[in-house]
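**Q** This is a predicted model, with the sequence first.
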Amino acid sequence: MEFIAEDPLTQLAFSMFENKGVYALLLGSGLSRAAEIPTGWEITLDLVRRIALGQRVEDQTDWAEWYRKTAGKEPNYSTLLEELSSSPAERRSILHSYIEPNEDDREEGRKIPTAAHHAIAELVRNGYVRVIITTNFDRLMENALREAGVEPTIVSSVDALSGAEPLTHSTCYLLKLHGDYKDARILNTDEELNGYPKQYDALLDRIFDEHGLLLAGWSGEWDHALRAAMLRAPNRRYSTFWATRGSPGSGAQELIAHRKARQITIADADGFFRNLAQRITILAQTRKQNPLSIDLLVSSIKRYLAKPEYRIQLDEVVAHEVERFFEQMGTADLPPHGTWSVGEFRRRVNQYEAASEPLTKAVGVMGRWGDDTEFSIVVEIIRALNVHAEKEGSGLVIWLGLRSYPAVLIFTAYGLGLVLARRWSTLHSLFTAQVSREDRSPKRIVNTLFLWDWKGNDEASWKNIEGFERHRTPLSDHLLNVFTKWSKSFAGMSSDFSYSFECFEALGALAQLEENDEQSLQQSLSSHDGKVRMSIGRIGWREVSRSGCGPAPQGLPQRYPFPVAHESLRNR
């Protein structure tokens, strides 16, 4: 297909997505240029300038041309460093000022990880990249990885290589070929770059033989030992892609021909890696379960609910779907650590919903058409999802809270099905069912997964859902939107689904009060503000809902229908 052949970025995204962890990155100084860390040529010219000014030479508009006329040769990074310093430690000191950010740099956003570094860290965190080779001395890549919650195995010397975690066992293996700017053993001069230690050569031979390769920010013209390693690689098991801003030089062309590399013309590294990460994310989202298979699951649930003799088949199909969900969560890129961003929050919400949709619809059907024999199955699903969420105890608070979002969806779906079926006693049993918690006493579902009491309910975060920036109850409104689409599987001929949703929320809020005895409620109501705390969603601000849930469709309750109710609340 020609339109694919002419789009190497799409080819790269598909290859990285379908061959997770197979591609290694080779990153050069161009990647750090957007962070205003100078390239080797820029350092060379600045060294020429500083030397000349120290000799009281007037400032020049073209220091390279001045050097050519004065020295009779081209400015050379390695030569200048050798002339200015006699030891690696001295060379390290010279480089330090070009790489280490000062206070002004930090305030202006210089010499810190760029969008490209963060996009690469996202690819690593999500498992698409495991090996990174870089010629850079700076620490921008490892800083971005740590911000994303990834602790890389860093090899910047032969000593570090001998004690490093094996390549196959590492989540991220970062090979800093030329060393680290804070280590005196950096490789700078032509002599130092002509050959690598044999241990490095063996490692590079293995990486180039066993991995696909994506190169960015590297000219391919210098670094003679690295060029030699690429040229001697015997096999090309996977493809090579080379991202370039302009026409590659003769040295790069030789490597491109040898590796049969696909060239990708880019404007800059930031845009390229952001685009690549986004395309891979889109490919991951397209892998969600086929709508036809979801419809088949829903049809099967309805059929098995129709007759008691199908109870075993019902258990089996639900158990299979729960197993499928946990398998999908096991490979999902949803780590508890990592930096907050609006895009990352939306991505995680979408991914949890995509994974949960089949099971959520199935449970909604069980609430709508069940006969209470399915109740224990649903409660066990909710408990299993909550236990799975509680297994992670450290990380970013909002990411930890979102881990139980699938349990919220299942709980809400079953509750809505029960409201539509007018199964009030079963709804009360759902609210009051106990869920276990890690190292803590069990708690009722309604006090664990409902609105304010759910630890993933941070209103400021949920306002970042597109279109919900000004909503007063963003979580409640988002759930209504989700279930308005999903409820077609189990709502039947409901003429006003939003009423049923708000009725579910109103009854859940009242169910929360049951943990209070009559005396404590009276004391709270008689206090200075006359209020009792309970979770309130949309009904807290919708006038039509607060007046007895509005005009109820036939058969739905105007008041709290549970077996246990406080007369004092009914009269207020």
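**A** Happy to help now that I have it.
**Q** For Trp242, which three-state class applies?
**A** Assigned state for Trp242: strand (three-state reduction, DSSP: H, G, I helix; E, B strand; the rest coil).
**Q** quick thing: my sequence starts at 12, can you match it?
**A** Okay, using 12 as the starting number, the last item reads as Trp253.
**Q** Kindly tell me how buried it is, as a neighbour count.
**A** The number of residues packed near Trp253 is 21, by other CB atoms under 10 Å. Every residue, glycine included, has its C-beta placed from N, CA and C.
**Q** was I right about it contacting Arg273?
**A** Yes - with contact defined as CB atoms under 8 Å, Trp253 counts as touching Arg273 (7.2 Å).
**Q** overlap in contacts of those two?
**A** Counting by CB atoms under 8 Å, 6 or more residues apart in numbering, Trp253 and Arg273 have no contacts in common.
**Q** which residue ranges form the helices in the stretch 12-161 of the chain?
**A** All helices of the stretch 12-161 of the chain, identified by DSSP state H, counting those that start in this stretch, fall at 13-16, 19-29, 41-44, 51-65, 74-82, 88-95, 99-110, 114-119, 126-136, 151-158.
**Q** Return the most buried member of the ones you listed.
**A** Across the helices of the stretch 12-161 of the chain, the average number of neighbours (mean count of other CB atoms under 10 Å) peaks for helix 126-136, which reaches a mean of 25.
**Q** picking up where we left off before, got the helices of the stretch 12-161 of the chain as JSON lines, with mean pLDDT columns?
**A** Shown next, in JSON lines, are the helices of the stretch 12-161 of the chain (pLDDT from 0 to 100):
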{"stretch": "helix 13-16", "mean pLDDT": "44"}
{"stretch": "helix 19-29", "mean pLDDT": "88"}
{"stretch": "helix 41-44", "mean pLDDT": "84"}
{"stretch": "helix 51-65", "mean pLDDT": "83"}
{"stretch": "helix 74-82", "mean pLDDT": "90"}
{"stretch": "helix 88-95", "mean pLDDT": "74"}
{"stretch": "helix 99-110", "mean pLDDT": "75"}
{"stretch": "helix 114-119", "mean pLDDT": "84"}
{"stretch": "helix 126-136", "mean pLDDT": "94"}
{"stretch": "helix 151-158", "mean pLDDT": "94"}
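**Q** mind listing what Thr145 touches?
**A** Thr145 neighbours (CB under 8 Å, 6+ apart): 37-39, 42, 152, 185-188.
**Q** Between those residues, which sits nearest Arg394?
**A** The nearest member of those to Arg394, counting by CB to CB, is Leu185 at 40.7 Å.
**Q** Which secondary structure element is home to that closest one?
**A** Leu185 is located in strand 184-187, with elements delineated by DSSP states H and E.
**Q** Pull out the buried residues from the lengthiest helix in the chain.
**A** Determined from DSSP state H, the single longest helix within the chain is helix 353-380. Across helix 353-380, burial judged by 16 or more other CB atoms under 10 Å covers 355-356, 358-360, 362-380.
**Q** The contacts of Thr145, buried ones only, as a ChimeraX selection?
**A** A single ChimeraX command selects the buried members of the contacts of Thr145 (16+ other CB under 10 Å):
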select :37,38,39,42,152,185,186,187,188
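**Q** Kindly reformat the contacts of Thr145 as a markdown table containing distance to Trp52.
**A** A markdown table is the format used below for the contacts of Thr145 (distance: CB to CB, whole Å):
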| residue | distance to Trp52 |
| --- | --- |
| Leu37 | 19 |
| Leu38 | 17 |
| Gly39 | 12 |
| Leu42 | 15 |
| Met152 | 21 |
| Leu185 | 25 |
| Leu186 | 24 |
| Lys187 | 20 |
| Leu188 | 19 |
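**Q** Pick the one among the contacts of Thr145 closest to Ile409.
**A** When the contacts of Thr145 are compared against Ile409 (criterion: CB to CB), the nearest one is Met152, at 25.5 Å.
**Q** What residues does the nearest residue to that closest one once chain neighbours are set aside make contact with?
**A** In this structure, Met152 finds its nearest non-sequential neighbour in His128, 5.8 Å apart by CB to CB, 6 or more residues apart in numbering. Taking CB under 8 Å, 6+ apart, we find His128 in contact with 42, 46, 151-152, 154-155.
**Q** Those residues: which two are farthest apart?
**A** Across these (CB to CB), the longest gap, 13.1 Å, separates Leu42 and Asn154.
**Q** Compute the inter-axis angle for the longest helix of the chain and helix 126-136.
**A** 40 degrees (axes from the mean of the first three to the mean of the last three CA atoms, to 10 degrees).
**Q** Lowest-confidence member of the contacts of Thr145, which is it?
**A** Ranked by pLDDT, these bottom out at Leu42 (89).
**Q** Hmm, Asp279 and that residue touching each other?
**A** No - counting by CB under 8 Å, Leu42 stays clear of Asp279, with 9.8 Å between them.
**Q** what sits in contact with each of these two?
**A** The contact lists of Leu42 and Asp279 share Ala127, where a contact means CB under 8 Å, 6+ apart.
**Q** distance of Pro369 from Gly406?
**A** 27 Å (CB to CB, to the nearest Å).
**Q** Tally up the residues packed near the nearest residue to Ile456 once chain neighbours are set aside, please.
**A** Distances taken as CB to CB, 6+ apart place Ala444 nearest to Ile456, at 5.1 Å, with adjacent residues excluded. Using other CB under 10 Å, Ala444 has 20 other residues around it.
**Q** so what's the backbone phi/psi at Ala444?
**A** Torsion angles at Ala444 (phi, psi; degrees, to the nearest 10) stand at phi -60, psi 150.
**Q** quick one, what contacts it?
**A** Counting by CB under 8 Å, 6+ apart, Ala444 touches 390, 393, 455-456.
**Q** Show me how to select, in PyMOL, the buried members of those.
**A** This is how PyMOL selects the buried members of these, with burial counted by 16+ other CB under 10 Å:
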select buried, resi 390+393+455+456
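**Q** Next step: the contacts of Ala444 restricted to strands.
**A** If you go by DSSP state E, the contacts of Ala444 have Arg455 in strands.
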